[in-house]
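Participant: Dropping the sequence and predicted coords here.
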Amino acid sequence: MDEIVKHINDTNASYRNINAGDAKNTDLFLDNEQYDLFKDSGEQITVRFNKENLTKAILFIASILPRKYDNSAIHKQIPFSEAFVYDQLAFLDGFFTVDGVKVESRTQIWTARKDVLKKNGEVDNRFYFNGLLEDVSYTSFSGIVKNAKFTIRNYLAGSYSDLHIKKSENGIFDVWITNALEPYNDGKEKGLEIIDTDSKTQPLQQIYYGAPGTGKSHEINKLIEGEEVIRTTFHPDSDYSTFVGCYKPHMEKMDMTTVIGETLKVVKDVTGQPKTENRIVYKYSCQAFLQAYIAAWQHPDKAQYLVIEEINRGNCAQIFGDIFQLLDRNDEGYSAYPIKTDADAEDELRTLFSKEWNLTEEKAKGIDDLYKKHYPEGITKSIKDGSILLLPSNLHIWATMNTSDQSLFPIDSAFKRRWDWKYVKIAEGRDSETKELLNWVVMFDYEEDDKPYTFECSWWQFILAINEKIATATSSDDKKLGYFFCKPKTQGSKDIDAERFVGKVVFYLWNDVFKDEDNAIFKVVEGKGDPSFDTFYTEDGEGKTIVDTKALRAFMHNVFGEHSNLYTETAKESTDTAVTE
């Protein structure tokens, strides 16, 4: 015997939630006759798991939810949800990460128990394993770092799964799971509503960060295409009122009035109709946060995205204010700590929610149950009347951050830990539809000895070359260029011209990167002393300021080297390459 196959039923190993704790029912019982495979291996065996296999097993379990499962002897129902899938895959990713390195297989030590002496002196003649638990850290769907217990029991669906254990040549026991291709009705789904969702299994709060021009906003746009989106951009003058809401003056057409004696009367024209005039009145104006918040609660079955561009260009502590507390989400995706709404916003929310409120009684009850300890009368009533603010599970808050701007308003650790962070690396640009390389080029004409030439280089090769110099000068990746930092002027074109290149790229390098560093690459005119940015511009015959392409050519030589094979300089009257190597 070199392999056993054990069909799992609900009496020996039904599915167990990852947060079930250290209950004794994490032991794994097999049939006594299957002991023969292990009897010569001692009291401890080494088992090996495969990530792909366990991923398939947990996705199978997700496919048959809702069902009853064993959560340390507390039987409850769990519906299918994006949070369930995300947490399970994040948990697996944590288990298959060793010293920061992702691996495809993991080993674990199990203790094999047979004929164990019980406290009452009797012999337990069953055959089972224990020592199945292992601590795993992962970031949940709500963006909270959690610790939970791994056990093979997490991946066994009672009456659906077969557990395979096979001894390899080196003595390690490979463990994997197979599941029924088509789950049958075991009665557990009777009367339960399967809750499905098309929402992406993405974090509720995440910040896309990286060098300028890496395509952070573009990546977000691709992921939320077709979804409900509200966008805003943070800047140094942003504050709570411009993000959440405040009273603002509005112009309204109103009846003209006058005071006659002590009576206020409406002024009428010769036809007897009231005269009107424009007056400034103050009304509460909901800004990006409340707009997204209201839309999310009014349409609870639809994902709502609030996208914040350049989040670190504003003072986040000042902008978020007390709604900072709402960013802590619970396992169901709702704010763990509701807050009291300020009086002005409360009136506006009450008015808007009285006009439209689509939360079903069933869903409202589920939310109320989450908070019944502190809100016994039901928290959704307080949300609807505007007195309580609580982020719903369908509200996603995503943001972008240029690492080159980290010095503007540093984000503190308390704020950071409430977000998932997704790094967008510098990579060669591809067409979003065809996935083909864009192959943009920097191209401009110049004259040498009264002869016209064309300079041409790959934009990607320039990025690689200049980023190497940036890293050397600054010892940092923060100031590097991404592929989309500079684009061709017209859509469909591949050429980045001199005017666009100098105005965007050279100016950025001069002003933001090499300003306080070695700026030798800007020395483009011999014998003119220290480099100066205005040497990149000259005047044409009509006094118009234009790019000095000879200076730009010298700059490119400084970046690539004077005789590099990464660019070409071609005489315009022929196809001969003047400088190649």
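Facilitator: Happy to help now that I have it.
Participant: Going by secondary structure, the residue nearest the centre of the chain is in what exactly?
Facilitator: With distances taken as Cα atoms, centre = their mean, the chain has residue 206 as the residue nearest its mean C-alpha position (3.7 Å). Here residue 206 sits within strand 205-210, counting by DSSP states H and E.
Participant: Given that strand, what are its sheet partners and their directions?
Facilitator: strand 395-402 (parallel), strand 420-423 (parallel) (DSSP bridges).
Participant: May I see the buried residues of the shortest one?
Facilitator: With burial defined by 16 or more other Cβ atoms under 10 Å, the residues of strand 420-423 counted as buried are 420, 422. Where you see a C-beta, it was placed from the backbone N, CA and C, and this is true even at glycine.
Participant: how does this structure divide up, domain by domain?
Facilitator: Domain ranges of the chain: 3-179, 205-244+287-423, 251-284, 441-579, per automatic domain parsing.
Participant: how about the ones you listed in a markdown table, adding distance to residue 429 and mean pLDDT?
Facilitator: Shown next, in a markdown table, are those (distance: least, Cβ to Cβ, whole Å; pLDDT from 0 to 100):
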| stretch | distance to residue 429 | mean pLDDT |
| --- | --- | --- |
| domain 3-179 | 27 | 80 |
| domain 205-244+287-423 | 7 | 92 |
| domain 251-284 | 44 | 84 |
| domain 441-579 | 4 | 90 |
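Participant: With distance to residue 434 added, can I get those domains in CSV?
Facilitator: Formatted as CSV, the domains of the chain follow (distance: least, Cβ to Cβ, whole Å):
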stretch, distance to residue 434
domain 3-179, 29
domain 205-244+287-423, 14
domain 251-284, 47
domain 441-579, 13
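Participant: quick revisit: bridged to the residue nearest to the centre of the chain, which residues?
Facilitator: With DSSP bridges as the rule, residue 206 is bridged to residue 398, residue 420.
Participant: Would you mark the buried spots in stretch 480-498?
Facilitator: Buried residues in stretch 480-498, counting neighbours by 16+ other Cβ under 10 Å, are found at 480-488, 496-498.
Participant: cool, and stretch 143-161?
Facilitator: 143, 146, 148-158, 160-161.
Participant: repeat for stretch 272-284
Facilitator: In stretch 272-284, counting by 16+ other Cβ under 10 Å, buried: residue 284.
Participant: who touches that stretch?
Facilitator: Stretch 272-284 is contacted from outside by 245-256, 266-269, 344-345, 347-348, using Cβ atoms under 8 Å, 6 or more residues apart in numbering.
Participant: and residue 508, helix, strand or coil?
Facilitator: Three-state assignment for residue 508 (DSSP: H, G, I helix; E, B strand; the rest coil): helix.
Participant: can you tell me how far it sits from residue 309?
Facilitator: Distance, residue 508 to residue 309, by Cβ to Cβ, to the nearest Å: 18 Å.
Participant: Also residue 442?
Facilitator: With distances taken as Cβ to Cβ, residue 442 is found 27 Å from residue 309.
Participant: Compare those two and say which is more crowded by neighbours.
Facilitator: More crowded of residue 442 and residue 309, by other Cβ atoms under 10 Å: residue 442, with 23 against 18.
Participant: Check for me that that one belongs to a strand.
Facilitator: Yes. The assignment for residue 442, made by three-state DSSP, places it in a strand.
Participant: I figured it hits residue 496, correct?
Facilitator: Yes. Using Cβ atoms under 8 Å, residue 442 is in contact with residue 496, at 4.9 Å.
Participant: overlap in contacts of these two?
Facilitator: Common neighbours of residue 442 and residue 496 (criterion: Cβ under 8 Å, 6+ apart): residue 459.
Participant: Dig out what residue 284 forms beta bridges with.
Facilitator: Applying DSSP bridges to residue 284 gives these bridge partners: residue 247.
Participant: related to what we said a few turns ago, for the buried residues of stretch 143-161, which one is nearest residue 294?
Facilitator: Of all these, residue 294 sits closest to residue 143, with 22.2 Å by Cβ to Cβ.
Participant: Any figure for the gap between that closest one and residue 497?
Facilitator: Separation of residue 143 from residue 497 (Cβ to Cβ) stands at 43 Å.
Participant: try residue 523
Facilitator: Separation of residue 523 from residue 497 (Cβ to Cβ): 23 Å.
Participant: closest to residue 541 out of the strands paired with strand 205-210?
Facilitator: Here strand 395-402 is closest among those (Cβ to Cβ), at 40.2 Å.
Participant: check contacts around residue 43.
Facilitator: Neighbours of residue 43 in contact, by Cβ under 8 Å, 6+ apart: 111-112.
Participant: hmm, back to that, among the buried residues of stretch 143-161, which lie within helices?
Facilitator: With DSSP state H as the criterion, helices contain none of the buried residues of stretch 143-161.
Participant: Closest one to residue 296 out of those residues, please.
Facilitator: Proximity of the buried residues of stretch 143-161 to residue 296 (Cβ to Cβ) peaks at residue 143, which lies at 16.5 Å.
Participant: Check which helices and strands the helix or strand just after the strand holding residue 206 sits against.
Facilitator: Going down the chain from strand 205-210, the next helix or strand is helix 216-223, by DSSP H and E. Packing contacts for helix 216-223, counted by 3 or more Cβ pairs under 8 Å, 6 or more residues apart in numbering; DSSP states H and E, involve strand 205-210, strand 395-402.
Participant: ok, 10 Å please
Facilitator: Under the contact criterion of 3 or more Cβ pairs under 10 Å, 6 or more residues apart in numbering; DSSP states H and E, helix 216-223 touches strand 205-210, strand 228-233, strand 304-309, strand 395-402, strand 420-423.
Participant: excluding its backbone neighbours, what's nearest residue 547?
Facilitator: Using Cβ to Cβ, 6 or more residues apart in numbering and skipping the chain neighbours, the partner closest in space to residue 547 is residue 498 (4.4 Å).
Participant: That neighbour and residue 446: what is the separation?
Facilitator: 9 Å.
Participant: Just list what the lengthiest helix in the chain packs against, helices and strands only.
Facilitator: The longest helix of the chain (DSSP H) is helix 459-474. The contact analysis (3+ Cβ pairs under 10 Å, 6+ apart) places helix 459-474 against strand 441-448, strand 451-458, strand 495-496, helix 549-560, strand 567-571.
Participant: would a markdown table of the ones you listed with distance to residue 106 be doable?
Facilitator: Formatted as a markdown table, the helices and strands packed on helix 459-474 follow (distance: least, Cβ to Cβ, whole Å):
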| stretch | distance to residue 106 |
| --- | --- |
| strand 441-448 | 47 |
| strand 451-458 | 43 |
| strand 495-496 | 48 |
| helix 549-560 | 47 |
| strand 567-571 | 49 |
